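Student: Build me a model from this:
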Amino acid sequence: MENMTTDYQGFKRDTDLAVEKIRTGAMTMAQGAVELGYQLKVARDTGVLQESGYSSMGEFARAEYGLRPDQTTRYIQLNDKYSEDGYSRRLKEKYTGIGKTILMEMLTLPDIISDEITENFSKEDVRALSAELKEENEITDLEVMMEETDQTQEELPSILEQTAYQLGKDQPQIYIDLFETLYINESQAAAEILAPDEEKIYSLRIPGTGRILLSLKLSEQQVRLINVRSQEKEDFTWQQLEAAFRKLMDFTNGPEESWKEQYGEEFPREEPKEIKPDKKQSKVQKAKKPEKKKPEKIKPTGKVENSVDNHTEGQKTAVPEKEDSVPGKPKADFHSETPESQPENIEKSQETALSEPEPQIPGQDSIENHPEYMPKPVEPKEQEIAPAQSGSEPPAAEPKTRKEYIDTLTAYGTAEYIARAMRQFTNKTYNTLLDPDFWNEWLNGKVDHNGRPWED
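Tutor: Prediction:
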């Protein structure tokens, strides 16, 4: 414990200064919070308030600074956790630059995890970590033991390789980007993919093991795994992490084929998310929640299946009709529950209504009863079919190179043409597609006026 002021006037002056640091200047806000926590502890643990007229620390804090009991408790906790030796005016050096609000959020994190937070993390990052920990704590050890595991993942010999496997599965695009950089041995680029802003924490959930935090710091060359359940950590090198990812990749194939081969699933196609340039990218990647499998329905066979389906459809139709029939009751929004076939049924009913002639009123005449007034039908003239619309197109006078044909296309036309061509290269290895000679031969190949391979 530091040498503290024993007289009330000196104590009050120091406390006022700490409060002033909190109210002004972001750079000293965290320092001021730690100092205020220290002053409150002095008021609690010593007799410095005897000459003040206040009977307790809480009464003093409320009367002089408007602090509620829960607020005084948080400032004391800040001092306990972030001051030197746990009872000091001085903020620990490693927390310098972290704001008071973020330090407050970090109070809920275990020390082993809060040690990974630096001044580059935002309040939202810390809250995301807290949410991940809370979610994991709601799962019992028995439930973890009963989780369905991935046999391929279980056979990997180290927790680092199992974590790399899970990251590649949860983040397919990262797997693809790493594949392309590791293929050409760009280790630095691979590290920047994993930690784009020098630092990153991935929350990954390994079935049967629990939540693992992968903490990456480029400046410190740090790769750290933290087991949230056991509160244990293990450090590795970037070379070990790179080797773990390489083990998951088949460089004789393309990146998507390699991913499909490794995880036994079709490569997921997702719409690219727009990243606003002025928005700071999160340094905490939440764990991907496993998809809950729907119970398989046993389909009845024969006539029973049809009767069940019809009965179900009848129920879906009957629900909104019943709602509408209640007098004075507003109609509910059934957009999310309306069967997909409903618009089609409406269209069919409209077509039926339009095709049926209206009943003629007795005595009412119709122009159809007077053909002499009807216009004579005009016989359509034969239209000349343009060459592009005919069943067979005349061949071009002479072939051209594929490069010459591409030069005649617009930018979008070129993109569409190359996209179609790539579908024919599924049997090509990734090495072949990286070979300039392959593309030179392809561009110099002969094609007709529609860009199709020329046949002599």
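Student: can I assume R402 is in contact with D448?
Tutor: No: applying Cβ atoms under 8 Å as the test, R402 and D448 come out as separate, 10.5 Å apart. (C-beta placed from N, C-alpha, C; glycine too.)
Student: Please say which of those two ends up with more neighbours.
Tutor: R402 (21 against 17; other Cβ atoms under 10 Å).
Student: For the more buried one, give me its contacts.
Tutor: For R402, the contact set (Cβ atoms under 8 Å, 6 or more residues apart in numbering) comprises W442, L443, N444, G445, K446, V447, G451.
Student: Could you tell me what pLDDT the model assigned to it?
Tutor: With respect to pLDDT, R402 scores 91.
Student: what's the answer for the one 5 residues further on, then?
Tutor: On the pLDDT scale, D407 is placed at 91.
Student: where's it relative to W439, distance?
Tutor: Per Cβ to Cβ, to the nearest Å, D407 is found 15 Å from W439.
Student: What of L17?
Tutor: Distance from L17 to W439, by Cβ to Cβ: 70 Å.
Student: again, but for L142
Tutor: 57 Å.
Student: Comparing those two, which residue is more hemmed in?
Tutor: W439 (12 against 7).
Student: in a helix, that's where that one is, yeah?
Tutor: Yes: assessed with DSSP: H, G, I helix; E, B strand; the rest coil, W439 lies in a helix.
Student: Relative to Y183, how far out is it?
Tutor: W439 sits 17 Å away from Y183, going by Cβ to Cβ.
Student: likewise K134?
Tutor: 39 Å.
Student: F425 now?
Tutor: Distance from F425 to Y183, by Cβ to Cβ: 17 Å.
Student: which one of the two has more residues nearby?
Tutor: With neighbours defined as other Cβ under 10 Å, F425 and Y183 compare such that Y183 has more, 16 against 13.
Student: Now do the contacts for the more buried one.
Tutor: Y183 neighbours (Cβ under 8 Å, 6+ apart): M249, F251, Y430, L434.
Student: so the second one touches Y430, yeah?
Tutor: Think F251. Yes: using Cβ under 8 Å, F251 is in contact with Y430, at 6.5 Å.
Student: who has more neighbours, these two?
Tutor: Y430 (18 against 14).
Student: OK, contacts around the more buried one?
Tutor: Y430 touches Y183, F251, T252, N253, G254, P255, E257, counting by Cβ under 8 Å, 6+ apart.
Student: tell me the pLDDT at E93?
Tutor: On the pLDDT scale, E93 gets 89.
Student: L178 too?
Tutor: Residue-level pLDDT assigned to L178 equals 96.
Student: cool, the one 3 residues further on as well?
Tutor: You'll see T181 listed with a pLDDT of 95.
Student: Equivalent analysis for E344, please.
Tutor: 41.
Student: can you check R224 too?
Tutor: 96.
Student: go on, Q285?
Tutor: Reported pLDDT for Q285: 76.
Student: what about it, neighbour count?
Tutor: Other residues close to Q285 by other Cβ under 10 Å number 20.
Student: State the helix or strand in which the residue nearest to it when sequence neighbours are not counted lies.
Tutor: Spatially, and ignoring its direct neighbours in sequence, Q285 is nearest to Y202 (4.6 Å; Cβ to Cβ, 6 or more residues apart in numbering). Applying DSSP states H and E as the criterion places Y202 in strand 199-206.
Student: Within its sheet, name the partner strands of that strand and how each one runs.
Tutor: Applying DSSP bridges, strand 199-206 is found paired with strand 210-217 (antiparallel), strand 284-285 (parallel).
Student: what are the C-alpha coordinates of the longest one, in CSV please?
Tutor: Output in CSV follows, covering the C-alpha atoms of strand 210-217 (Å, rounded to 0.1, in the frame of the first residue of the first chain):
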residue,chain,number,x,y,z
GLY,A,210,-15.6,-26.4,-26.0
ARG,A,211,-14.7,-22.9,-26.9
ILE,A,212,-11.2,-22.0,-27.9
LEU,A,213,-9.9,-18.5,-28.3
LEU,A,214,-7.2,-18.1,-31.0
SER,A,215,-5.3,-14.8,-30.1
LEU,A,216,-3.0,-13.4,-32.8
LYS,A,217,-0.6,-10.5,-32.5
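Student: Skip ahead from that strand and say which helix or strand is next.
Tutor: Following strand 210-217 in sequence, per DSSP H and E, is strand 222-227.
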